[in-house]
Every structure is written in C-alpha cells, then in structure tokens.
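1. sequence first, predicted coordinates after that:
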Amino acid sequence: MIKAENLSFSYRGNASPALDALSFVIPKGELVCLCGTNGSGKSTLFSLLAGLQTPSSGALKVDAVNAKGNEQQLRAQSALVLQDADLQIIGATVAEDMMLAFPANDPEAEETCRAMAKRFSLLEHWNSPVHALSYGQKRKLCLAVSLLSTPSLLLLDEPFSGLDYPAMVEMRSIMKANKEHGLTQIVSVHDLEPVIDLADSMIVLHHGKLKGSGDPQGMLGSLLEYGIRPPYSWLQEHTISPWG
C-alpha cells in the first residue's frame with residue numbers, strides 16, 4: 001500500500017512548492033492513472049515514489065517504507081520507466097542491457113534475462129545493438145529490465161507516447177499481466193484513452209495540488225476544469241468503454 005499524508009516538495013530557489021500537501025492512499029495491486037497538465041507535479045511525485053528525491057515535509061510510505069531517510073530502500077523496490085527510452089538504456093545490445101541488472105558472477109542471470117526477453121518478444125533481438133531497435137522495442141526493453149528487479153511498485157511515465165497501434169495493444173497486455181500478478185502500477189498520462197478502462201483509480205494534480213483521487217467514474221466529469229480531456233466515450237455517453 002502507498003500512503004501520502006500532507007506530502008510536500010519544493011525545489012531549491014522556487015517560491016512555490018512543486019507538490020503541496022498531498023494526501024492519498026493506493027491499495028496494493030491497483031493500476032492508477034496519474035493525470036495533470038505539464039507542470040502539475042506528476043514527475044516530481046514519481047521522483048519521490050522512486051526514491052530519487054526526499055519529501056520536504058509530510059509523510060510518504062511505500063509498502064511500510066518511510067520515504068524520508070530510506071531512499072535507497074525505496075529505489076530498490078520501486079521501478080521507474082522513463083518516457084524517453086534512450087535516457088534509460090545503457091547496454092550496447094539487448095543482452096548486455098538486461099544482464100547489467102545482475103552481478104557479473106550470477107550463474108542464473110542469463111537464463112532469467114532470456115526468459116524476460118521472451119516474455120517481451122525481445123529474444124530474437126538478444127544480440128541486436130540497441131540503436132537498431134524500434135522505438136516501441138526500446139520501450140519494451142526498458143520495461144523488461146525494470147521488472148527483472150521484481151519491484152513492488154512500477155511507475156510508467158507516458159508509456160503510450162509515440163507508440164503505434166500494435167505496440168499500444170501490446171503495452172496494455174503487459175499492464176494487464178502485471179495486474180494479474182498483483183503489481184502496483186502508477187501510469188502518468190496526458191491522454192486517458194488507452195488506459196482508463198484498465199484503471200482502478202485516478203489521481204489528479206493541478207499546479208502541485210491534489211484535485212481528486214479515487215474511482216475514475218466519479219472524477220471524469222471534473223477533468224476539463226484542470227485542462228485534461230476525458231475519454232471520448234465519457235464525453236459522448238458518460239461511460240468508460242473498452243479501448244481497442
């Protein structure tokens with residue numbers, strides 16, 4: 001479970017806080033849509049959940065781990081997948097990038113990595129240089145590597161951005177499989193269409209403040225007020241239709 005109580009964060013030199021007194025609860029295993037326009041605080045919240053920043057005030061707990069003072073432990077159990085895959089890939093080939101997740105002398109590393117590569121349809125590219133991968137394949141590689149650490153929390157930053165339709169369908173399948181395995185997922189999105197029907201709950205941020213959290217059905221009607229477009233089915237019929 002994730003619990004925030006009056007969570008705030010300020011960047012040095014900025015008069016206004018990037019996050020201002022957020023309080024919310026996310027049950028274990030939920031898929032959450034994190035929504036907001038640019039500058040709303042989504043990336044800052046991700047950095048706190050991933051242990052990359054320390055709260056300025058308030059409390060944040062992830063699976064009973066207090067974020068303040070336990071950033072290293074938080075980094076070990078939270079996996080952040082960036083929107084720009086090239087910022088996250090460090091190996092020269094698919095094999096090398098995946099194997100870097102393990103100590104060099106781990107006898108089971110290659111078998112584990114190959115199994116994960118197969119799950120993400122990357123095994124045929126095992127020895128391929130990463131620059132030869134498509135945009136969608138690079139995104140899958142980053143996601144595959146993040147899951148090798150068996151995180152308790154997966155943070156996905158705009159996972160559908162730049163993907164073609166088949167890749168979006170595949171990304172949804174990965175999210176569904178993660179849900180079946182009980183993995184807590186927070187998905188930061190501008191466009192709700194590809195993911196809202198999978199979401200258990202939503203968190204809406206606006207200028208660093210929490211404007212709502214909970215069941216999407218009860219929150220979609222207020223999104224336009226914060227510069228977020230509700231899904232088309234909601235605009236037309238006030239329903240959440242399956243995407244596809």
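-> Received the coordinates, thanks. Remember, predicted model here, so these are calculated numbers, not experimental data. Numbers count the residues shown, from 1 in each chain.

2. and the helices in this protein?
-> All helices of the chain, identified by DSSP state H, fall at 42-49, 71-77, 94-99, 109-119, 135-148, 165-180, 232-237.

3. what about stretch 80-93, start to end distance?
-> 21 Å (Cα to Cα, to the nearest Å).

4. buried stuff in it?
-> By 16 or more other Cβ atoms under 10 Å, the buried positions in stretch 80-93 come out as 80, 81, 82, 83, 85, 88, 89, 91, 93. In this view, the C-beta of every residue, glycine as well, is placed from N, C-alpha and C.

5. how about residue 21: what's its closest non-neighbour residue?
-> Take residue 21 and drop its neighbours on the chain: the residue closest to it by Cβ to Cβ, 6 or more residues apart in numbering is residue 6, 4.8 Å away.

6. one more: residue 2?
-> Distances taken as Cβ to Cβ, 6+ apart place residue 26 nearest to residue 2, at 4.1 Å, with adjacent residues excluded.

7. could you do residue 57 as well?
-> residue 8 (4.6 Å).

8. and the one you found, how far from residue 60?
-> Going from residue 8 to residue 60 by Cβ to Cβ, to the nearest Å gives 10 Å.

9. quick one, strands of the protein?
-> Remark: strands assigned in the chain by DSSP state E are 2-9, 19-26, 31-35, 57-62, 65-66, 78-81, 153-157, 184-189, 201-206, 209-214.

10. who's in contact with the third one?
-> Right, strand 31-35. Identification of contacts with strand 31-35 by Cβ atoms under 8 Å, 6 or more residues apart in numbering yields 26, 42, 45-46, 175, 178-179, 184-190, 192, 195-196, 198-205, 216, 223, 226, 228.

11. please check those and keep the buried ones.
-> Using 16+ other Cβ under 10 Å, the buried members of the contacts of strand 31-35 are 26, 42, 45-46, 175, 178-179, 184-189, 192, 195-196, 198-205, 216, 223, 226, 228.

12. any low-confidence regions in the chain?
-> Across the chain, nothing is flagged by pLDDT under 70.

13. quick revisit: need the contact list for the residue nearest to residue 57.
-> Residues in contact with residue 8 (Cβ under 8 Å, 6+ apart) are 17, 19, 20, 21, 22, 55, 56, 57, 58.

14. dihedrals phi and psi, residue 194?
-> phi -80, psi -10 (degrees, to the nearest 10).

15. what's the neighbour count on it?
-> 21 (other Cβ atoms under 10 Å).

16. chain neighbours aside, what residue packs nearest to it?
-> residue 160 is the one closest to residue 194 (Cβ to Cβ, 6+ apart), at 4.8 Å.

17. okay, the one you found and residue 9: tell me how far apart.
-> On the measure of Cβ to Cβ, residue 160 and residue 9 end up 26 Å apart.

18. between the two, which one's more packed in?
-> Taking other Cβ under 10 Å, residue 160 and residue 9 do not tie; residue 9 has more neighbours (22 against 19).

19. make sure residue 90 is actually in contact with residue 97.
-> Yes. Between residue 90 and residue 97 a contact is recorded at 6.4 Å, counting by Cβ atoms under 8 Å.

20. what sits against residue 18?
-> The neighbours of residue 18, taking Cβ under 8 Å, 6+ apart as the test, are 9, 10, 11, 41, 44, 208.

21. quick check: phi and psi on it?
-> Main-chain dihedrals, residue 18, degrees, to the nearest 10: phi -70, psi -30.

22. could you measure from it over to residue 244?
-> 36 Å.

23. number of residues surrounding the nearest residue to residue 228 once chain neighbours are set aside?
-> Using Cβ to Cβ, 6+ apart and skipping residues adjacent in sequence, the residue nearest residue 228 is residue 35, 5.2 Å away. Close neighbours of residue 35, defined as other Cβ under 10 Å, add up to 31.
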